[in-house]
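Engineer: I'll drop the sequence and a predicted model, then ask my questions.
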Amino acid sequence: MKISVIGLGYIGLPTATMFASRRIPVVGVDVSPNVVDTVNQGQIHIVEPELDMLVHAAVSEGFLRATLVPEPADAFLVAVPTPFADGYEPDLRYVRSAALAIAPVLKAGDIVILESTSPVGTTEQLVEWLAAARPDLKFPDHGGAECDVNVAYCPERVLPGQVVRELVENDRIIGGITPACAARANEVYRVFVQGRLIVTNARTAEMCKLTENAFRDVNIAFANELSVICDKLGIDVWELIRLANHHPRVNILKPGCGVGGHCIAVDPWFVVSSAPDEAKLIRSAREINDAKPEWVLDKIDEAVEAIRQKNPARHRSDLTIACYGLAFKPNIDDLRESPALHIVQALARRFEGNVLAVEPHIQELPQGLTGVRTASIDGALAAADVNVVLVAHNAFMESDALRAREPLDFTGIFATQATEQR
């Protein structure tokens, strides 16, 4: 078997590497020359524990290489972005581009598996794009007739920072256009997956992934809304949650400065777009979480005004704000849909030139983030008038100096510890 993985991002590269680590020839395809060159040098362009060693070994042993153009293989795994466009409508341009790219090299006996988190019906749309591009091949339909190329949907369900382990150990949902397609996909993933492979149809598998992330989003929205209510009522939300979670059937999540990442911040909108009149709770949760960064900005403004009231001679333009964390969750470098990044961008417009960003997991600030300077923890503490913790990185949690400054903590890393010690 030869595997082709289309898209060498946070999911595609680890997945390609897992196959290669089982001594299966894998060719990874990406539109970025930098990504292709980096992988072919046995290096990685993302931060993920253990992945660097595995990629180096796979490339050195000749089981993994990268290219800009698809080539013939036996199984094609599509792991490209699926963002949303204006109005939160799904944007499937990258899936379509991947389909058109691999269509010329398909042959009878191949299987195409979509891994990208997608709206319900995307796998069927993928079949239509492939069939239109290759009328000489027979693709599957719901009638279950035999086909030349099998097509299935198999979403990832891994946690950044633990991708290598969870790709192997987690159960996988396999949704085939037909039962035969699902059976063929099952053979592919059994190469390295130790978890259960659970078979269903493509539409149910698509909805399953969206449901998992919408469920998380709703629960986070409850915690985020609770934090806003507690702030208004003068209640320590961290202590409240700790106490409430002593109930044997209550497990409230921790609030934060919003919700980020390509999955939870995006996927619920796919459900809303499919059933706008019915998805009332899911829409409300999205709106609550999307509004949280603005609430955080208001709290930072209040802290700035409190300083000015104590010292009226100081102007807003004289104050320096240090923001700790840009990633969308702790201890990773992923900035996709990050509420912390949104907050820092907004602060940069309000306090141009006076915003410091402390992010230990990236080498340089992303393009478009202007008016912001990078700093170490100690450097930020020495310069800042207002310190704001936006992401619960371990490096921040372990800083006694940061704790001593009593920063605005929207993660609970200090408040929770203080509460637990009472």
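Structural biologist: Arrived safely, thanks for sending.

Engineer: show me the contacts for residue 115.
Structural biologist: 11-12, 15, 77-79, 153-156 (C-beta atoms under 8 Å, 6 or more residues apart in numbering). C-betas here are computed from N, CA, C, even on glycine.

Engineer: Same check on residue 333?
Structural biologist: 46-47, 327, 361-362.

Engineer: quick check, it in a helix?
Structural biologist: No: assessed with DSSP: H, G, I helix; E, B strand; the rest coil, residue 333 is coil; it does not lie in a helix.

Engineer: do you know how far it is from residue 413?
Structural biologist: 19 Å (C-beta to C-beta, to the nearest Å).

Engineer: same question, residue 235
Structural biologist: 19 Å.

Engineer: Looking at the two, which has the bigger crowd around it?
Structural biologist: residue 413 (24 against 13; other C-beta atoms under 10 Å).

Engineer: Which stretches in the stretch 301-422 of the chain count as strands?
Structural biologist: 321-324, 355-358, 372-374, 386-389, 408-409 (DSSP state E, counting those that start in this stretch).

Engineer: Run through the residues that contact the residue lying closest to residue 105 once chain neighbours are set aside.
Structural biologist: Of all residues not flanking residue 105 in the chain, residue 72 sits nearest, at 4.7 Å (C-beta to C-beta, 6 or more residues apart in numbering). Residues in contact with residue 72 (C-beta under 8 Å, 6+ apart) are 2, 105, 107.

Engineer: Pull the number of nearby residues for the second one.
Structural biologist: Looking back up the chat, that one is residue 105. 15.

Engineer: show me the contacts for residue 42.
Structural biologist: 55-56, 59-60.

Engineer: Now for residue 365: which residues touch it?
Structural biologist: So residue 365 contacts 326, 357, 372, 374 (C-beta under 8 Å, 6+ apart).

Engineer: picking up where we left off before, quick check: of the contacts of residue 42, which has the highest neighbour count?
Structural biologist: residue 55 (27 neighbours).

Engineer: Quick check: which helices or strands does the strand or helix carrying it pack against?
Structural biologist: Secondary structure assignment for residue 55, by DSSP states H and E: helix 51-60. Contacts defined by 3 or more C-beta pairs under 8 Å, 6 or more residues apart in numbering; DSSP states H and E place helix 51-60 against helix 12-21, helix 33-40, strand 64-67, helix 163-169.

Engineer: Now render the ones you listed as JSON lines, adding distance to residue 112, mean pLDDT and mean neighbour count.
Structural biologist: What follows is these, written out as JSON lines (distance: least, C-beta to C-beta, whole Å; pLDDT from 0 to 100; neighbours: other C-beta atoms under 10 Å):
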{"stretch": "helix 12-21", "distance to residue 112": "14", "mean pLDDT": "98", "mean neighbour count": "26"}
{"stretch": "helix 33-40", "distance to residue 112": "21", "mean pLDDT": "98", "mean neighbour count": "16"}
{"stretch": "strand 64-67", "distance to residue 112": "18", "mean pLDDT": "98", "mean neighbour count": "20"}
{"stretch": "helix 163-169", "distance to residue 112": "19", "mean pLDDT": "96", "mean neighbour count": "17"}
